[in-house]
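[1] got a structure for you, letters missing:
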Ligand SMILES: Cc1cc2nc3c(=O)[nH]c(=O)nc-3n(C[C@H](O)[C@H](O)[C@H](O)COP(=O)(O)OP(=O)(O)OC[C@H]3O[C@@H](n4cnc5c(N)ncnc54)[C@H](O)[C@@H]3O)c2cc1C
């Protein structure tokens, strides 16, 4: 009996799709080349980084405990224990994913999967080679860190998101190449753990996909907290010197500088895993290695779907992978399909201050010809932020002038990555600025700042 569905890759895209397929009663297998299910997100991405970021938050509280009237005698950081805690969280959730496969009658298959002609998947492992017959395939093979030509990661000095998570000693100095979400999150972690961090970004601003004002605010706070930020900077001639690394950097003002650091983190983007999985000879269309899909996540090859980090044109985020999985499985099972709306995907960056955003930035809205009204509310004027001792940042609403349509919401501030959910929900239910102005927010909460930013669209914020 052939499978109804074989999923290649068990990241948040693949394993969630497998659960949904099981719920719909599809005979499903999930193939994973690594020892444990869960993918990048669980093992070397979202979860371990957020575990470390949480510890950095707690450590920060201890360092400034005096301000709260709590005296801690010489608090110290036991980094191996920090790593042990992070590993425990990852293991717990990896077991959880195994459990979900069992509960939903999904068959896990270990090995490296390759498409081998219509409805055939070859799986190679140390145990040998087997062929799975299937009516449908979902490619959810994810991505890996991009490297500069000629540069190779190693366990000690030149690091990607994988090796950096296994360090057992906090480095004294670190250079980070790339100030997208991955680069700034590690900068935020290690800066707070006491590493002297230099953040190098080739583009004119850090977190370049965010609204310009958000980039500016994060850069301001980063600099204030001691991170050296160099935008418009080009690094070349990177040398592993044994005990560290040197980089020749051309700064934005044209000056050249040799920067030395104990460690270098390369965080210049993620390359889709689409080589060597048998796409040649199929009708699957690639765009610079990413897979082109339609709104049902179908590739050009009948019965072959793609979701997650391998997909062209959608952001590489776990929740995007998951929702695309829901779309693909609904299509396979003949259920109603609601395609992923590009403009309602929240972005979340877990720096301090945290970032959450959805929809168009102000510049994008203006470039698309919208008549824009902007409302902005600073956390400085929010009482909950005062209680938390965390005043950086603001909530910014980008709205259409005529009908109060919400085009985008951009938050930087305490728990910005949590607060954004409210904006996503109101946009998804097609609420307007007025809907949010009459939504009652509990007091005192950080959410009041969100409500106030909507009031500010019409100059009606109360607390500024
Ligand atoms: C440091 C870091 C932090 C991140 N933090 C966040 C965050 O906070 N929030 C967020 O939304 N996103 C975050 N991301 C991005 C997120 O991890 C990815 O978007 C997400 O993992 C993509 O899911 P996926 O299912 O497409 O692929 P992946 O999670 O990459 O999983 C793909 C799986 O497929 C397997 N595989 C590949 N090829 C084959 C093959 N031929 N045969 C069998 N198995 C195969 C791989 O081993 C892997 O397990 C982060 C990424 C990094 C690197």
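    In hand now; what should we look at? Just so it is clear, the model here is predicted, and its values are computed rather than measured.

[2] contacts, neighbours, all on C-alpha from now
    Will do.

[3] Up against the ligand, what does the chain have?
    8-14, 31-34, 38-41, 45-46, 111-114, 140-143, 161, 182, 277, 308-309, 316-319, 321 (Cα under 6 Å from any ligand atom).

[4] Now, of these, which are buried?
    Burial by neighbour count, 16 or more other Cα atoms under 10 Å: within the residues of the chain next to the ligand this picks out 8-14, 31-33, 38-41, 45, 111-114, 140-143, 161, 182, 277, 308-309, 316-319, 321.

[5] The closest residue to residue 378 other than its chain neighbours: neighbour count?
    Spatial nearest neighbour of residue 378, chain neighbours left out: residue 394 (4.1 Å); criterion: Cα to Cα, 6 or more residues apart in numbering. Neighbourhood size, residue 394 [other Cα atoms under 10 Å]: 27.

[6] On the three-state scheme, the residue of the stretch 351-464 of the chain found nearest the ligand is what?
    Distances between the stretch 351-464 of the chain and the ligand by Cα to the nearest ligand atom are smallest at residue 417, namely 9.4 Å. What DSSP: H, G, I helix; E, B strand; the rest coil gives for residue 417 is helix.

[7] Tell me how far it lies from residue 353.
    9 Å (Cα to Cα, to the nearest Å).

[8] before we move on, what about residue 332?
    41 Å.

[9] follow-up on the earlier one: unless I'm mixing things up, the residue nearest to residue 378 is touching residue 413, no?
    Yes: Residue 394 is in contact with residue 413 according to Cα atoms under 8 Å; the separation is 6.0 Å.

[10] Give the intersection of the neighbour lists for the two.
    Counting by Cα atoms under 8 Å, 6 or more residues apart in numbering, the shared contacts of residue 394 and residue 413 are residue 379.

[11] So, low pLDDT: which residues of this structure?
    Nowhere does the chain drop to pLDDT under 70.

[12] all helices of the stretch 351-464 of the chain, in order?
    362-367, 383-388, 416-428, 433-437, 447-456 (DSSP state H, counting those that start in this stretch).

[13] same question, the stretch 201-350 of the chain
    212-224, 318-333.

[14] Go through those helices and pick out the most buried.
    Mean neighbour counts were taken over the helices of the stretch 201-350 of the chain using mean count of other Cα atoms under 10 Å, and the top value, a mean of 23, falls to helix 318-333.

[15] how far does that helix sit from the chain's center?
    Here helix 318-333 is found 18 Å from its chain centre; the criterion is Cα atoms, centre = their mean, to the nearest Å.

[16] Over to stretch 80-96?
    19 Å.

[17] Now do it: everything it contacts.
    36-38, 42-43, 47-48, 51-52, 55, 165-166, 168-169.

[18] run the last query once more with 7 Å
    36, 37, 38, 42, 43, 47, 48, 51, 52, 168 (Cα atoms under 7 Å, 6 or more residues apart in numbering).

[19] Within the helices and strands, which one has the first one?
    When you say that, I think you mean residue 36. For residue 36, there is no enclosing helix or strand under DSSP states H and E.

[20] Let me see the contact set for it.
    Contacts of residue 36 (Cα under 7 Å, 6+ apart): residue 94.

[21] What subset of the contacts of stretch 80-96 is buried?
    If we count by 16+ other Cα under 10 Å, the contacts of stretch 80-96 have these buried: 36, 37, 38, 42, 43, 47, 48, 51, 52.

[22] Filter these down to the ones in helices?
    Of the buried ones among the contacts of stretch 80-96, the ones assigned to helices by DSSP state H are 42, 43, 47, 48, 51, 52.

[23] these two touch, right, the third one and residue 39?
    No: the pair residue 47 and residue 39 fails to qualify as a contact (Cα atoms under 7 Å) at a distance of 10.7 Å.

[24] Note down every partner strand of the biggest strand by length in the chain and its orientation.
    When the chain is parsed with DSSP state E, its longest strand is strand 128-139. Strand pairing for strand 128-139, using DSSP bridges, gives strand 3-8 (parallel), strand 120-125 (antiparallel), strand 304-306 (parallel).

[25] contacts for stretch 227-234?
    So stretch 227-234 is contacted by 191, 196-206, 223, 249-252 (Cα under 7 Å, 6+ apart).

[26] my bad, should have said stretch 434-442
    Contacts of stretch 434-442 (Cα under 7 Å, 6+ apart): 404, 447, 448, 451, 454, 455.

[27] Contact partners for the fourth one?
    So that's residue 451. By Cα under 7 Å, 6+ apart, the neighbours of residue 451 are 436, 437, 441.

[28] For the residues you listed, give me CSV that also has neighbour count.
    Output for the contacts of residue 451, formatted as CSV (neighbours: other Cα atoms under 10 Å):
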residue, neighbour count
436, 20
437, 20
441, 16
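
[29] In the stretch 51-200 of the chain, what residue spans correspond to strands?
    107-110, 112-115, 120-125, 128-139, 143-145, 158-159, 173-177, 196-201 (DSSP state E, counting those that start in this stretch).

[30] Out of those strands, which is closest to residue 296?
    strand 128-139 (11.8 Å; Cα to Cα).

[31] In this protein, which helix is the longest?
    Identified as the longest helix of the chain according to DSSP H is helix 79-103.

[32] still on that earlier bit, tell me which of the helices of the stretch 351-464 of the chain sits most buried.
    Taking mean count of other Cα under 10 Å, helix 447-456 is the most buried of these, at a mean of 26.

[33] orientation of that one relative to helix 416-428 in degrees?
    50 degrees (axes from the mean of the first three to the mean of the last three Cα atoms, to 10 degrees).

[34] what about the closest residue to the residue of the stretch 351-464 of the chain closest to the ligand other than its chain neighbours, neighbour count?
    Spatially, and ignoring its direct neighbours in sequence, residue 417 is nearest to residue 356 (4.2 Å; Cα to Cα, 6+ apart). Counted with other Cα under 10 Å, residues neighbouring residue 356 total 25.

[35] Bridge partners for residue 356, pull those for me.
    residue 348, residue 411.

[36] Before I go, just wanted to say thanks for your time.
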